[in-house]
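In: Build me a model from this:
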Amino acid sequence: MGTEAGAYLADEQDRNRESATKVKHVEVARTRQPNRTAPTPCSCPQNLVHRLAFGKFIDQLVQIARLLYQRVLNIFDAYPTDDPGDEMHVGIDGGSLVKEGLKGAAPCDVRLDIGWRVTGQPADDLLQLVYCPSFFLDLSDVVWVYLGNAHLSDCFPCHEVLLRSIRDIELPHFEDTIKMCNARRRDAYMQYNTIFWIIVAITVIDFAWSQIRAALNRSRMSETLPPELDGIYEAEEYARQQQYQRANSKSSLVEGAVSTLFLLVILFAGALGFLSDTLEIYLSSDIVLSVVFVSIITIATTILSLPFSYYDTFVIEERFGFNKMTRRLFATDALKNMVISLVLMGVVVAVIVFFYHLTPQWFWLIAWVLLALFSVGIGYFYSQLIVPLFNKQTPLPEGELRDSLFELSEKTDFPITDVFLIDGSKRSTKANAYFAGFGKRKRICLYDTLLDQLGTDEITAILAHEIGHYKKRHVPLGMIIGTLLSGIQLWLMSLLLESPALAAALGSRTGEPSVILGIIAFGFLFGPVSETLSVGRNVLSRHNEYQADAFAARFGFAGSLISGLKKISAQALSNLTPHPIVVFWTYSHPTLLQRMRALREG
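Out: Numbers count the residues shown, from 1 in each chain. Prediction:
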């Protein structure tokens, strides 16, 4: 008999070790447990384990099962179900003592799992009743007891200590615990449905609204050259622009539809919650878990977007003569972009999660300050750290253009140390120019394609426009607004991260709050607010563009600026007749025709 008991208990220990990683223990007195770990099995000498007689062991388990069966049956009588096929399971650690098909049972699962772990509890606090309302697809509630001895220094046989404790203990609040469990389950289920369907609705509406805007733009297309574009496009070139716009619109429709469908599948499958719950089994640190989680999502989204990016580059852009990129360069760019995203997202998430666990009440304020400094640092060193990863920057050679730019710098009292030329022609024929950095680190960057398309006066006029942004304080104003909005967003997020319903909405089955799932769920919910705020920022941005144009005009560059903008727009086959609603909602710059009109009137 002793041998049989030893073999049985050895098997029980193996099963407990396997199931330990699947069971999440949450103490009743605890409102939040950021770092959850799987139960630690006890290692006991076999000669001590053999002291437990097999018959006594089975008898104790049967007594426990009967007690729980009667108590739980009485409790759930208050919550009848219309579906007689619903099952309630009362089992011992997934063992064979299972009662199925209980009539009138609520649609849930109740299990008594026997396990143990080192918790730092005093030796006289051996047994605690622990409950965890879990938000499975079947709305399971998991109930179990565990051994809370801190040291097990005498190495008692685990089952014997546990069963002796259960035999002698009274559970006067067992019914209240189960009722509380069910109440929380019902409330969370209502929140789960509400939040889940809100996220789904936001996703669908966002896609629909983007396609409505695209349709509005298509409605402005015409087969003949509009009179207002005379002098910008020739009739043949305008027809080519319309073809380019249709091709991009169709590609955007397919990409948006596939991405939205993929996201809906992820949401309905609860894949994000499943990923988080799975990582919890293997990663004890919430910071590491969150960074790994975000990394997996970033890699997955990059892989999903690659076919569409490839099609846009090597089919559409190549067809219309814009693409100069090789497939090898395309692959290395994609890899670099992904690595940069992983690093930046990893830093942001790690900072938020670290300070959330350090000080849940004030983490948003600390994270806000640190992330604002991080953002300023990235902007300050952008040209020295990020740009060299993708392009070569060489000083603009001596000549007429360089002399004209430095002369403008003196006229506008805008000191510059150098002007840099970027090899943008290795990727595209489209032209560009921009300022990077600020303070002593600011620099002017011109794409080499710009020199091929515009004359000296036109490039100087574009530089005068960019200097206007600095003189009007548009750059620091934008940074201040962005920083304030990010602070408000972090504060709002801090109010919701404690809710387990956010994690449940994304498919988590632990029934507990999850920082990373809470961040992602909040991102979905904040989407409409962010979209609305971006409209306001676009309005401000268009106002700033008018001011920068007026600044260039004050120095006599109105005509050259109009000429340069017309050439850049025509060469890029830009849509010069977008729908007014689209302009209002998404355009950070006024249309070419609006800027031309303002320059001529101003």
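
In: Give the helix, strand or coil label for Thr278.
Out: helix (DSSP: H, G, I helix; E, B strand; the rest coil).

In: Quick check, Asn323 in contact with Asp312.
Out: No - using CB atoms under 8 Å, Asn323 is not in contact with Asp312; the gap is 9.1 Å. Every residue, glycine included, has its C-beta placed from N, CA and C.

In: mean confidence score for stretch 290-305?
Out: Model confidence over stretch 290-305, given as mean pLDDT, is 94.

In: Residues touching that stretch, excluding its own?
Out: Residues from elsewhere that reach stretch 290-305 (CB atoms under 8 Å, 6 or more residues apart in numbering): 255, 258-259, 262, 272, 275-276, 279, 283, 334, 337-338, 341-342, 345-346, 349-350, 353, 515-516, 519.

In: how about the strands in this structure?
Out: With DSSP state E as the criterion, the chain has strands at 114-121, 127-133, 141-149, 393-395, 419-422, 433-436, 443-447.

In: The fourth one pairs with which strands, and in what direction?
Out: Pointing back at strand 393-395 there. strand 419-422 (antiparallel) (DSSP bridges).

In: residue contacts, Glu564?
Out: No Glu there; residue 564 is Gly. Counted by CB under 8 Å, 6+ apart, Gly564 has contacts Leu454, Glu458, Ile459, Ala461, Ile462.

In: ok, now which ones touch the spatially closest residue to it that is not a sequence neighbour?
Out: Take Gly564 and drop its neighbours on the chain: the residue closest to it by CB to CB, 6 or more residues apart in numbering is Glu458, 3.4 Å away. Glu458 makes contact with Ser560, Leu561, Ser563, Gly564, Lys567 under the criterion CB under 8 Å, 6+ apart.

In: now do Leu279
Out: For Leu279, counting by CB under 8 Å, 6+ apart, the contacting residues are Leu289, Val292, Phe293.

In: Repeat that for Asn337.
Out: By CB under 8 Å, 6+ apart, Asn337 lies in contact with Thr302.

In: ok, Ala271 touching Ser508?
Out: No - taking CB under 8 Å as the definition, Ala271 is not a contact partner of Ser508, at 11.0 Å.

In: hmm, back to that, go through the contacts of Leu279 and say which is closest to Thr194.
Out: Phe293 (24.1 Å; CB to CB).

In: Could you check how far that closest one is from Thr577?
Out: Phe293 is 44 Å from Thr577, where distance means CB to CB, to the nearest Å.

In: Looking at those two, which one has more neighbours?
Out: Phe293 (24 against 16; other CB atoms under 10 Å).

In: picking that back up, redo the contacts of Glu458 as JSON lines? Include distance to His474 and pLDDT.
Out: Output for the contacts of Glu458, formatted as JSON lines (distance: CB to CB, whole Å; pLDDT from 0 to 100):
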{"residue": "Ser560", "distance to His474": "21", "pLDDT": "94"}
{"residue": "Leu561", "distance to His474": "17", "pLDDT": "94"}
{"residue": "Ser563", "distance to His474": "24", "pLDDT": "93"}
{"residue": "Gly564", "distance to His474": "20", "pLDDT": "93"}
{"residue": "Lys567", "distance to His474": "24", "pLDDT": "92"}
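
In: Tell me how this protein divides into domains.
Out: The record's domain split for the chain, according to automatic domain parsing, is 2-172, 188-601.

In: low-scoring stretches of the stretch 51-200 of the chain, by residue?
Out: 51-193 (pLDDT under 70).

In: same question, the chain
Out: 1-193, 438-441.

In: Test my guess that Tyr380 contacts Lys442.
Out: No - applying CB under 8 Å as the test, Tyr380 and Lys442 come out as separate, 9.2 Å apart.

In: coming back round to it: can you tell me which of the contacts of Leu279 end up in helices?
Out: Leu289, Val292, Phe293 (DSSP state H).

In: For the first one, list the residues it contacts.
Out: Read that as Leu289. Ser276, Leu279, Glu280, Leu283, Ile516.

In: Tell me if I'm right that Ser499 and Gly518 touch.
Out: Yes - judged on CB under 8 Å, Ser499 makes contact with Gly518 at a distance of 7.2 Å.

In: Comparing those two, which residue is more hemmed in?
Out: Using other CB under 10 Å, the more surrounded residue of Ser499 and Gly518 is Gly518, with 24 against 17.

In: Quick check: the more buried one vs Leu304, distance?
Out: For Gly518, the distance to Leu304 - CB to CB - is 24 Å.
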